[in-house]
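Participant: Predicted structure and sequence below. I'll ask about it afterward.
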Amino acid sequence: MSGVVVATSASPPPFLQLAGHPLRWRLLSELARSDLRVGELCALAGKRQSLVSYHLRQLRDGGLVSTRRSLADGRDTYYVLDLAGCGERLYGAATALHPGLAPGPDVIPGASARVLFLCSGNSARSQMAEAQIERMSQGSVSAASAGSRPKPLHPEAVRVMRARGIDIADRRSKHMSEFANERFDYVITLCDRVREVCPEFPGGPQGVHWSLPDPAREGGPTFEQVAAELAVRIRFLLVTMNPTLEAVHA
């Protein structure tokens, strides 16, 4: 037995037990791409609502999924996956198997792609997302942003981005109709309201929804929180954009 390390527990880590169920894995996979309502998850998984709701509750109790009330219709709830938390738990499970397994880099260049970010006012969320993906992709992603009801760029968005080393002070707010005839690889809605009115774009881009709070409405530290959440979501998006990196991180 010399040189052989014996595991102290035969039970897999809680994350693997939670995510290992086929339906829960399917729900996690769908939520990794986009925030969704329970009816949408039922349709995608092809399962009845009572069963999907049961497994969503398991994921919520396990801290992998949270909910946010829709700002467009208060009767609706979006389910949101904690991608960063999943990453930490996944790496924790990996290091439980072998300490040599470690996380990848924080900033990952993506493949060449065009992305359009949309929110209601194009005054904060979508502007911060546009600026961050350009920086985090090291220029390989061409990004744009627009709104359904454009408002002037919020000074707090400018301040928060400047603190991250990005100057967006000279950017202007735009109506999404300006991009009606342009082609994108991804159209990402950051606002529940704009998701309901998002038009179709040429070429059938991949639609993604991130249900983010409106920092211009809520104020306070929400700007920093939204900027931080966008950085996390964009990092994971860049991995899926690059087939080589996606294979490495699979």
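Facilitator: Thanks, I have the structure now. Numbers count the residues shown, from 1 in each chain.

Participant: alpha carbons only for contacts and neighbour counts from here, please
Facilitator: Fine.

Participant: Let's test this: what are the backbone torsions at residue 18?
Facilitator: Note on residue 18: backbone dihedrals following degrees, to the nearest 10 are phi -70, psi -50.

Participant: List the contacts of the helix or strand where residue 40 lies.
Facilitator: Element membership for residue 40 (DSSP states H and E) is helix 38-45. Contact with helix 38-45 is made by 23, 26-27, 30, 48-49, 52-53, 77-79, as judged by CA atoms under 8 Å, 6 or more residues apart in numbering.

Participant: Can you redo the residues you listed as TSV, where the extra columns are distance to residue 38?
Facilitator: Converted to TSV, the contacts of helix 38-45 look like this (distance: CA to CA, whole Å):
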residue	distance to residue 38
23	13
26	13
27	10
30	11
48	10
49	7
52	8
53	7
77	8
78	7
79	7
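
Participant: So how do I select the buried members of the residues you listed in PyMOL?
Facilitator: Buried residues within these, by 16 or more other CA atoms under 10 Å, are selected in PyMOL with:
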select buried, resi 23+26+27+30+52+53+77+78+79
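
Participant: Mind checking which of the contacts of helix 38-45 are in strands?
Facilitator: 77-79 (DSSP state E).

Participant: List just the nearest of the contacts of helix 38-45 to residue 126.
Facilitator: residue 78 (19.0 Å; CA to CA).

Participant: OK, contacts around that closest one?
Facilitator: Per CA under 8 Å, 6+ apart, neighbours of residue 78: 35-38, 67-70, 211.

Participant: make it 7 Å
Facilitator: 35-37, 67-70 (CA atoms under 7 Å, 6 or more residues apart in numbering).

Participant: wait, which of those residues is closest to residue 83?
Facilitator: residue 35 (11.4 Å).

Participant: For that closest one, the count of nearby residues, please.
Facilitator: Residues lying near residue 35 (other CA atoms under 10 Å) number 24.

Participant: With residue 32 instead?
Facilitator: 19.

Participant: residues touching residue 226, list them.
Facilitator: So residue 226 contacts nothing (CA under 7 Å, 6+ apart).
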